[in-house]
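Participant: Got a predicted structure plus its sequence, pasted below:
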Amino acid sequence: MALVALACSRGSHPEPPRGAAEEPKPAAVAAATFVGAARCAPCHADQAARWRASHHALAMQAASPSTVLGRFDGAPVSLGGVEARFFERDGRPFVHTRGADGAPADFEIAYTFGVAPLQQYLLPAAGGRMQALDLAWDARPAAVGGQRWFDLHAGAPPPPGDPLHWTGVYQSWNLMCAECHSTNLVKGYDAAADRYQTTWSEVDVSCEACHGPGSRHVEWAERGGGDPDRGLPVRFPGRGSWSFAPGEPIARRAPEPAPSDAELDACGRCHARRGAIRSEYEYGRPLLDTHRPALLDEGLYRADGQIDGEVYEWGSFLQSRMHTKGVTCTDCHDPHSLRIDVPDQACARCHRPEVFATTAHHHHPAGSAGASCVACHMPTRTYMGVDARRDHSLRVPRPDLSVELGTPNACNACHADRSPRWASDTVKRWYPQGRSGTPHYGEAIDAGRRGLAEAPAALAALVADRERPAIARATALALLGGLGGSQLEASVRLGAQDPDALLRMAAAGAAAALDPATRVALAAPLLRDPVRAVRIDAANALLDVAPELWPPGGRAALAEALGEFREAQLANADRPEGQLGLGALHARLGEPEDARRAYERALRLDPGFTPAAVDLADLLRETGSEAEAERVLREALARAPEAAELHYALGLSLVRQGRREDALEELQRAAERAPETARYAYAYALLLHELGRSQSALAVLAKAHERRPGERDVLIAMTTMSRDTGDRAGALRWAQALVALDPTEPQARALLAELEQAR
């Protein structure tokens with residue numbers, strides 16, 4: 001049954017549009033098809049020659065003696081407790097190692113994956129899967145430590161049965177890697193059978209992976225050209241025309257049409273940390289129409305936006321001044337070879353060497369590492385053991401932020417024996433009129449992550465500052481949605497009207513924290529947004545709003561956007577996160593059996609996926625099966641005993657069952673395992689208070705307040721507990737701190753007024 005029909009089968013859910021006249025349909029045009037690089041090369045010989053040696057052309061290859069770089073000589077390999085032997089049989093490469101059952105066996109290698117600085121190997125497995133072996137070949141020269149086998153898990157390989165073992169779900173090529181290493185990739189996952197039928201038109205990243213299916217372009221060429229429709233879904237402008245104005249140290253793009261976002265969107269499909277929201281990729285459409293990119297989230301990016309987790313380049317480049325000035329990927333990278341032969345020479349195209357390649361600018365000996373542009377402005381971080389990747393935010397080093405926020409800086413990357421304070425003082429001395437000490441968006445993001453008292457105001461100011469990168473402003477809005485406060489409504493309103501889709505997407509998500517009527521007023525228009533990621537986040541935020549709060553016809557838009565939301569989960573049905581999203585949708589639509597099946601499927605994909613266990617337990621509670629909910633949580637804890645979220649959920653379950661002493665133990669474990677999560681400490685303290693241990697409860701809350709001084713619920717609890725235990729002075733002090741967080745908040749003002757009158 002279609003989701004729209006499901007949603008409309010209940011009176012509290014969106015109805016389909018009725019009576020809408022169908023628009024006349026245009027004449028059918030045959031869809032473009034993929035033709036392959038061999039059809040492109042005769043007319044584009046130079047581009048094809050450069051591409052053939054590129055990492056795109058070598059992204060994935062059938063395994064053969066000519067494509068395998070690793071040493072398959074039969075010698076035993078022992079790494080971190082993993083025993084393996086790589087050898088050839090009848091000219092085909094094999095590995096002898098432990099499989100999913102833990103027993104050693106021979107496995108044939110079907111494909112090579114990547115070429116430099118490392119090469120991985122793909123092994124066929126049941127259910128149409130291709131699994132990436134976690135022993136990889138270091139393809140770097142021997143002089144720098146390469147030409148060896150190494151363990152991608154840095155000496156702590158997971159055992160068979162673990163989802164991170166090479167046979168596990170998170171080492172599946174179909175799930176994790178395929179979209180970006182082959183052309184016209186169709187994942188072909190059947191959730192009911194838990195089976196893939198993955199196909200591609202070319203095994204590597206070929207011409208049409210970037211330009212889109214080329215059959216109409218070939219037809220145009222074979223007609224002799226002349227038709228203005230060249231028949232490619234995506235056309236790139238190539239390197240822009242940049243020139244230096246007299247006396248200007250930095251070049252400007254000539255007054256010709258600036259390149260569109262098409263190039264950055266096309267590159268971002270694979271060079272961004274993102275998740276698919278459509279099963280089929282739409283060439284030429286904005287990235288957010290087919291994918292949902294990550295913002296500057298903790299664990300992925302440092303507070304100041306520097307790369308931390310494996311995020312690739314897109315999110316970094318969006319923060320750069322280069323991006324705001326119209327620089328795009330191929331202004332630096334050859335679009336077919338992908339190379340930048342000498343990075344500093346690429347910089348010199350737009351930055352006068354006589355100004356910037358001088359000791360007066362970089363303050364290092366000419367020719368030294370410190371004199372290199374990229375050493376200071378594009379520091380590296382190493383991923384997958386050997387892959388050093390440059391931060392593409394192209395930022396000015398800010399060791400003063402290292403002192404303030406604890407973020408890394410390029411200076412101390414080389415001068416590791418000196419302190420960030422030394423680096424900060426040195427930079428200030430070199431550049432007295434420079435950026436050291438000037439405001440940076442990282443300060444607001446850091447405050448938001450840490451729950452500081454000043455965070456809401458700082459985040460709201462960042463959202464409103466159009467001079468800051470859109471991805472930083474969107475991150476601020478997402479953080480503000482988690483903190484709440486009186487600034488949230490105005491910030492959501494600003495974000496919902498912003499021309500940048502990242503802001504509108506963040507506004508849709510943050511709107512979920514607003515009251516229902518305000519949520520409808522601000523987020524309902526986003527259901528008709530031209531960008532899909534915005535529409536589905538708006539639908540998710542608005543699903544629970546009662547029908548009487550909707551304007552006429554508004555719920556029809558919700559029904560359509562919910563269909564897209566469901567499609568986004570189905571596009572990820574082979575991921576536990578996708579099944580979690582489907583389960584949550586079914587639960588909110590009042591379909592508990594469908595929700596339960598989705599949650600259980602998520603746990604089959606990854607038995608250690610704690611969010612699915614928590615949501616399944618919550619569903620069981622709602623349907624009156626509290627004992628079964630407890631069983632689910634205890635089974636999950638047996639697999640992940642340190643998971644604070646599971647201890648917290650179990651503690652609440654035990655409270656509902658009246659087993660308060662048992663619950664207290666679980667809530668204490670949650671608070672101790674995740675001290676940065678204030679709601680765990682809050683729940684633990686409330687139960688302590690109810691059990692008559694108010695002083696212990698206040699001590700728990702005091703520690704939580706010290707860690708996150710901007711948490712309103714913690715301050716409210718401290719105020720009321722102090723009042724109830726007769727500590728009027730303490731209650732007044734906490735109430736004053738609560739009002740200082742947000743002087744306009746009614747509950748805080750009422751508490752303070754009550755305490756002042758009682759003095």
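Facilitator: That came in fine, so what should we check first?
Participant: In a strand, residue 39, correct?
Facilitator: No. Read with DSSP: H, G, I helix; E, B strand; the rest coil, residue 39 is helix and lies in no strand.
Participant: The closest residue in space to it that isn't next to it in sequence: which element?
Facilitator: Computed as Cβ to Cβ, 6 or more residues apart in numbering, the closest residue to residue 39 that is not its neighbour in sequence is residue 218, at 5.6 Å. Placement of C-beta: from N, CA and C, glycine included. Element membership for residue 218 (DSSP states H and E) is helix 215-222.
Participant: what pairs with the closest residue to residue 92 other than its chain neighbours across the strands?
Facilitator: In space, and not counting its chain neighbours, residue 92 is closest to residue 108: 6.1 Å by Cβ to Cβ, 6+ apart. Beta-bridge partners of residue 108, counted by DSSP bridges, are residue 94.
Participant: Correct me if wrong: residue 108 contacts residue 94.
Facilitator: Yes. Residue 108 lies in contact with residue 94 (Cβ atoms under 8 Å); the separation is 5.4 Å.
Participant: Among these two, which residue is more densely surrounded?
Facilitator: Between residue 108 and residue 94, counted using other Cβ atoms under 10 Å, the more crowded position is residue 94 (20 against 12).
Participant: I figured the more buried one hits residue 110, correct?
Facilitator: No. Residue 94 is not in contact with residue 110 according to Cβ under 8 Å; the separation is 10.7 Å.
Participant: tell me, what's touching those two both at once?
Facilitator: With contacts defined as Cβ atoms under 8 Å, 6 or more residues apart in numbering, no residue is shared by residue 94 and residue 110.
Participant: pLDDT score for the nearest residue to residue 705 once chain neighbours are set aside?
Facilitator: Excluding the flanking residues, the one nearest residue 705 by Cβ to Cβ, 6+ apart is residue 714, at 5.2 Å. Reading off the confidence values, residue 714 has pLDDT 97.
Participant: The one 10 residues further on now?
Facilitator: In this model, residue 724 is scored at 93, pLDDT.
Participant: Residue 22 now?
Facilitator: At residue 22, pLDDT is 39.
Participant: Report the rounded mean pLDDT for stretch 523-538.
Facilitator: pLDDT averaged over stretch 523-538 gives 98.
Participant: Can you tell me what sits against the helix or strand following the helix holding residue 218?
Facilitator: Sequence order places strand 242-243 as the next helix or strand after helix 215-222, per DSSP H and E. If you take Cβ under 8 Å, 6+ apart as the criterion, strand 242-243 is touched by 251-254, 331, 349-350.
Participant: contact partners of the next helix or strand after strand 242-243?
Facilitator: Counting by DSSP H and E, the element after strand 242-243 in chain order, helix or strand, is strand 252-253. For strand 252-253, contacts defined as Cβ under 8 Å, 6+ apart pick out 240-245, 325-326.
Participant: Can you pull out the low-pLDDT segments for the stretch 251-400 of the chain?
Facilitator: Applying pLDDT under 70 to the stretch 251-400 of the chain flags the ranges 255-260.
Participant: so residue 454 touches residue 447, yeah?
Facilitator: Yes. With contact defined as Cβ under 8 Å, residue 454 counts as touching residue 447 (5.7 Å).
Participant: Neighbour count: these two, which is higher?
Facilitator: residue 447 (24 against 14).
Participant: Selection in PyMOL covering whichever of the contacts of strand 242-243 are buried, please.
Facilitator: To isolate the buried members of those in PyMOL, using 16 or more other Cβ atoms under 10 Å:
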select buried, resi 251+253+331+350
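Participant: Looking at the contacts of strand 242-243, which one is closest to residue 195?
Facilitator: Among the contacts of strand 242-243, residue 331 lies closest to residue 195 (Cβ to Cβ), at 43.9 Å.
Participant: now for the lengthiest helix in the chain, which elements pack on it?
Facilitator: In the chain, assigned by DSSP state H, the helix with the most residues is helix 554-570. Judged by 3 or more Cβ pairs under 8 Å, 6 or more residues apart in numbering; DSSP states H and E, the packing partners of helix 554-570 are helix 3-8, helix 532-542, helix 576-588.
Participant: how about the ones you listed, which one is nearest residue 286?
Facilitator: When the helices and strands packed on helix 554-570 are compared by Cβ to Cβ, helix 532-542 sits nearest residue 286, at 8.6 Å.
Participant: Convert the C-alpha atoms of the closest one to PDB, please.
Facilitator: The C-alpha trace of helix 532-542 is given here as PDB (Å, rounded to 0.1, in the frame of the first residue of the first chain):
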ATOM      1  CA  ARG A 532      13.900  17.400  -1.600                       C
ATOM      2  CA  ALA A 533      16.000  17.300   1.500                       C
ATOM      3  CA  VAL A 534      14.200  20.400   2.800                       C
ATOM      4  CA  ARG A 535      10.800  18.900   2.100                       C
ATOM      5  CA  ILE A 536      11.400  15.600   3.800                       C
ATOM      6  CA  ASP A 537      12.900  17.200   7.000                       C
ATOM      7  CA  ALA A 538       9.800  19.500   7.100                       C
ATOM      8  CA  ALA A 539       7.500  16.400   6.800                       C
ATOM      9  CA  ASN A 540       9.300  14.700   9.600                       C
ATOM     10  CA  ALA A 541       8.900  17.800  11.800                       C
ATOM     11  CA  LEU A 542       5.200  18.200  11.000                       C
END
